[in-house]
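[1] Next come a sequence and a model predicted from it.
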Amino acid sequence: MELETSVYRPNVAVYDSPDGVEVRGRYDQVFAKILTRDALGFVAELQREFRGHVRYAMECRREAKRRYNSGAVPGFDPSTKFIRDGEWVCASVPPSVADRRVEITGPVERKMIINALNSGAKVFMADFEDALSPSWENLMRGQVNLKDAVDGSITFHDKARNKVYKLNDQVAKLFVRPRGWHLPEAHILIDGEPAIGCLVDFGLYFFHNYAKFRQTQGSGFGPFFYLPKMEHSREAKIWNSVFERAEKMAGIERGSIRATVLIETLPAVFQMNEILYELRDHSVGLNCGRWDYIFSYVKTFQAHPDRLLPDRVLVGMGQHFMRSYSDLLIRTCHKRGVHAMGGMAAQIPIRDDPKANEMALDLVKKDKLREVRAGHDGTWAAHPGLIPICMDAFSHMGNNPNQIKSMKRDDASAITEEDLLQIPRGVRTLEGLRLNTRVGIQYLAAWLTGSGSVPLYNLMEDAATAEISRVQNWQWIRYGVELDGDGLGVRVSKELFGRVVEEEMERVEKEVGKDKFKKGMYKEACKMFTKQCTAAELDDFLTLAVYDHIVAHYPINASRL
Ligand SMILES: CC(=O)SCCNC(=O)CCNC(=O)[C@H](O)C(C)(C)COP(=O)(O)OP(=O)(O)OC[C@H]1O[C@@H](n2cnc3c(N)ncnc32)[C@H](O)[C@@H]1OP(=O)(O)O
Ligand SMILES: O=CC(=O)O
Ligand SMILES: [Mg+2]
């Protein structure tokens, strides 16, 4: 089916919602096939059953933040030592996803979904999170697209190129990543309050697709999910209960749904066993979400001026704390019988510069070889052009679908709290401040206009990478960091940052061209980014702080005419 959403027409119709549910997003006949009374009813049930637990988990995050801001550091929890030391394993890996050596990721856009499923990767992670700007249009089109993808009918007509896209016979296995627990969905009110974003993403997708997915993709298992940005096993426990509730509603066997948790916050690295334990009947591994992990390191230590990061470009997987995190993740997953997935290299193919392209691809190759040799069972690719390189690197596994049994990494059991927290080495420079600024502003301008992942300076940028730019700037300004490089002892201040912003905006205008600059949301993004970087208190999430700017409520009075 070709997706043709109707043109905006106010006051024509409203969604058929159950009691207590109000949809405030634009009405569209195509969206109405997703926002059915029964599907909304299921989302409302999830919200009512779990909202108290989610509220408590978010309060615990705030309490942990208060402790870190008073000087504490995260560490292993003595009260759950029995879980870390215990000899339990997770449910066995479903055969349909035993081999996940290369996973492509991308937002839930129609053409991207078809391209990703056809890309030759083993898995496609369809993203409602880091790679998606969560506007009503993007979210609802995403749901429509996924439904068409699961039932195999998805097509896309690129009118400019007169090219029709449809699925190949062989496609990647689909995983879906809902938003993190912290994000609300302002277009759906349940009992008068905004719905929890991830329960909307999960609930609607599960409701419409579980039966078909299990038949055509999961060989009796599924659907499959990726779970982002958790900080504690209590959050994994909520997901486990959500899965059990969904399985009960669908009348399918407990343990059918499987999920890979991203370990992408610093507190979560101390909870990997506990997270797997909570999800042991529904787990299919952990993944090194390296970009959010770096963001989380800065955020966790926002009040620790003795733990500042060097320039963003220097915080790679070679830093001791990053290597320790990935090694311990491999060891933990393989001990528990599940996949230890690698992460995303930010390089993407560079079309107009063969030499630069060769260097970028070489960096990707090295990163993937490091992952497979360390014992990872698979990796992420941001672009179809990277899949051959990733496949080639993971051919190191030979004919084995994964390394769960063969790479135990017992040596990594010696990794300590100090290893995981070790301060990364490197310089802090004016160029680092400049790069953070021009990337952060351009990313935000794209996000405000509906794009959640963009190519900038030949790298993939998404919400996680932009967060690093924001929080690093904030921290450097907050502590008046002395910059390395010119021997002048220049310190970062609001005034210096103000000049950098002005100069970088001029540069951006030149680079994108006056016309695009004027028509885009660069000035608005600049204002918001500057405000965030200079705020007295660090906002927890950039996308949460600016979310109101992409909320578009359907005119309530018109809808009742
Ligand atoms: C930190 C994290 O969370 S990482 C995970 C989240 N981030 C992501 O998923 C990023 C995914 N990648 C992307 O969004 C894109 O590759 C970008 C924005 C980085 C680059 O996009 P572009 O510059 O438009 O790519 P480019 O022009 O080279 O695309 C060429 C073709 O590849 C396709 N393509 C590019 N990336 C993808 C992808 N990830 N999945 C499927 N198809 C893709 C394009 O649709 C295009 O197809 P076409 O030739 O049929 O028109
Ligand atoms: O989601 C992945 C990350 O690196 O962040
Ligand atoms: Mg992430």
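    Sure, I can see it. Ligands and ions are numbered 1, 2, ... in the order given.

[2] ok, then the element right after the lengthiest helix in the chain?
    Using DSSP state H to define each element, the chain has its longest helix at helix 37-69. Counting by DSSP states H and E, the element after helix 37-69 in chain order, helix or strand, is helix 81-85.

[3] Strand partners (parallel or antiparallel) of whatever helix or strand comes next after that following helix?
    For helix 81-85, the following helix or strand on the C-terminal side (DSSP H and E) is strand 102-107. The partner list of strand 102-107 in its sheet, established with DSSP bridges, is strand 123-127 (parallel), strand 378-381 (parallel).

[4] does any part of strand 102-107 sit near ligand 3?
    No. Strand 102-107 lies out of reach of ligand 3 by CB under 5 Å from the ion, never closer than 9.8 Å. Where C-beta positions appear, they are placed from N, C-alpha and C, glycine not excepted.

[5] just how off-centre is that strand within its chain?
    On the basis of CA atoms, centre = their mean, to the nearest Å, the separation between the geometric centre of strand 102-107 and that of its chain is 11 Å.

[6] With stretch 428-446 instead?
    Relative to the centre of its chain, stretch 428-446 is centred 20 Å away, using CA atoms, centre = their mean.

[7] Okay, buried residues for that stretch please.
    Neighbour counts using 16 or more other CB atoms under 10 Å place 428-430, 432-433, 435-446 of stretch 428-446 among the buried residues.

[8] Residue 346 against residue 456, yeah?
    No. Shown here, residue 346 and residue 456 do not form a contact pair, counting by CB atoms under 8 Å, at 9.9 Å.

[9] Using CSV, write out every CA atom in stretch 155-169.
    What follows is stretch 155-169, C-alpha atoms only, in CSV (Å, rounded to 0.1, in the frame of the first residue of the first chain):
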residue,chain,number,x,y,z
THR,A,155,5.7,0.5,-1.1
PHE,A,156,7.0,4.0,-1.8
HIS,A,157,6.9,6.0,-5.0
ASP,A,158,9.7,8.6,-5.2
LYS,A,159,8.0,10.9,-7.7
ALA,A,160,11.0,13.1,-8.3
ARG,A,161,13.0,10.1,-9.5
ASN,A,162,10.1,8.0,-10.7
LYS,A,163,11.3,5.1,-8.6
VAL,A,164,9.1,2.6,-6.9
TYR,A,165,10.4,1.0,-3.7
LYS,A,166,9.1,-2.4,-2.5
LEU,A,167,10.3,-5.2,-0.3
ASN,A,168,12.6,-7.9,-1.6
ASP,A,169,11.9,-11.6,-0.9
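
[10] quick one: contacts for the closest residue to residue 190 other than its chain neighbours?
    Nearest residue to residue 190 in three dimensions, chain neighbours excluded: residue 47, at 4.6 Å (CB to CB, 6 or more residues apart in numbering). With contacts taken as CB atoms under 8 Å, 6 or more residues apart in numbering, residue 47 has the following neighbours: 190, 191, 195, 196, 199.

[11] CSV for those, including neighbour count and secondary structure?
    Supplementary listing: these in CSV, determined by neighbours: other CB atoms under 10 Å; DSSP: H, G, I helix; E, B strand; the rest coil:
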residue, neighbour count, secondary structure
190, 24, strand
191, 13, coil
195, 25, strand
196, 28, strand
199, 27, helix
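
[12] Tally up the residues packed near residue 251, please.
    Residues within reach of residue 251, counting by other CB atoms under 10 Å, total 8.

[13] What does it show for phi and psi?
    Summarising the backbone geometry of residue 251 under the convention degrees, to the nearest 10, its torsions are phi 70, psi 30.

[14] Check residue 193 too.
    Residue 193 adopts backbone torsions of phi -120, psi 150, taken as degrees, to the nearest 10.

[15] for whatever residue of the chain ends up closest to ligand 3, helix, strand, or coil?
    Residue nearest to ligand 3 within the chain (CB to the ion): residue 292, separated by 3.5 Å. Reducing the assignment to helix, strand or coil with DSSP: H, G, I helix; E, B strand; the rest coil, the entry for residue 292 is helix.

[16] Could you find the closest non-adjacent residue to it?
    Once its chain neighbours are removed from consideration, residue 292 has its nearest residue in residue 264; the separation is 3.6 Å (CB to CB, 6+ apart).

[17] How about residue 163?
    Beyond its immediate neighbours in the sequence, the residue positioned closest to residue 163 (CB to CB, 6+ apart) is residue 157, lying 7.6 Å away.

[18] Measure how buried the one you found is and give me the count.
    When neighbours are defined as other CB under 10 Å, residue 157 has 16 of them.

[19] Residue 166 now?
    Burial of residue 166, expressed as a neighbour count using other CB under 10 Å, amounts to 12.

[20] In contact with it, which residues are there?
    If you count contacts by CB under 8 Å, 6+ apart, then residue 166 has 114, 154, 155, 156 around it.

[21] Can you confirm whether the one helix or strand residue 356 maps to lies near ligand 1?
    Here residue 356, judged by DSSP H and E, is contained in helix 354-374. No. Legend: contact between helix 354-374 and ligand 1 by CB under 6 Å from any ligand atom is lacking; minimum distance shown is 11.1 Å.

[22] Can I get that helix as CSV, trimmed to CA atoms?
    As requested, C-alpha coordinates have been extracted for helix 354-374 and formatted as CSV (Å, rounded to 0.1, in the frame of the first residue of the first chain):
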residue,chain,number,x,y,z
PRO,A,354,37.0,9.5,-2.5
LYS,A,355,40.0,9.9,-0.2
ALA,A,356,38.0,11.1,2.7
ASN,A,357,35.5,8.3,2.0
GLU,A,358,38.3,5.7,2.2
MET,A,359,39.5,7.1,5.5
ALA,A,360,36.0,7.1,6.9
LEU,A,361,35.4,3.5,5.8
ASP,A,362,38.7,2.5,7.3
LEU,A,363,37.7,3.9,10.6
VAL,A,364,34.4,1.9,10.5
LYS,A,365,36.3,-1.2,9.6
LYS,A,366,38.7,-0.8,12.5
ASP,A,367,35.9,-0.2,14.9
LYS,A,368,34.0,-3.3,13.8
LEU,A,369,37.1,-5.5,13.8
ARG,A,370,37.8,-4.3,17.4
GLU,A,371,34.2,-5.3,18.3
VAL,A,372,34.2,-8.7,16.8
ARG,A,373,37.7,-9.6,18.2
ALA,A,374,36.6,-8.4,21.6
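
[23] thinking again about what came up before, which one of the contacts of residue 166 is nearest to residue 422?
    Minimum distance to residue 422 across these is 43.3 Å, recorded for residue 114 (CB to CB).

[24] which SS class is the spatially most central residue of the chain?
    Compute the mean C-alpha point of the chain, and by CA atoms, centre = their mean the closest residue is residue 130, 3.7 Å away. Classification of residue 130 into helix, strand or coil gives coil, according to three-state DSSP.

[25] quick one: contacts for it?
    By CB under 8 Å, 6+ apart, residue 130 lies in contact with 228, 291, 292, 452, 453, 462, 463, 464.

[26] repeat that with 6 Å
    Under the criterion of CB atoms under 6 Å, 6 or more residues apart in numbering, the contact list for residue 130 reads 462, 463, 464.
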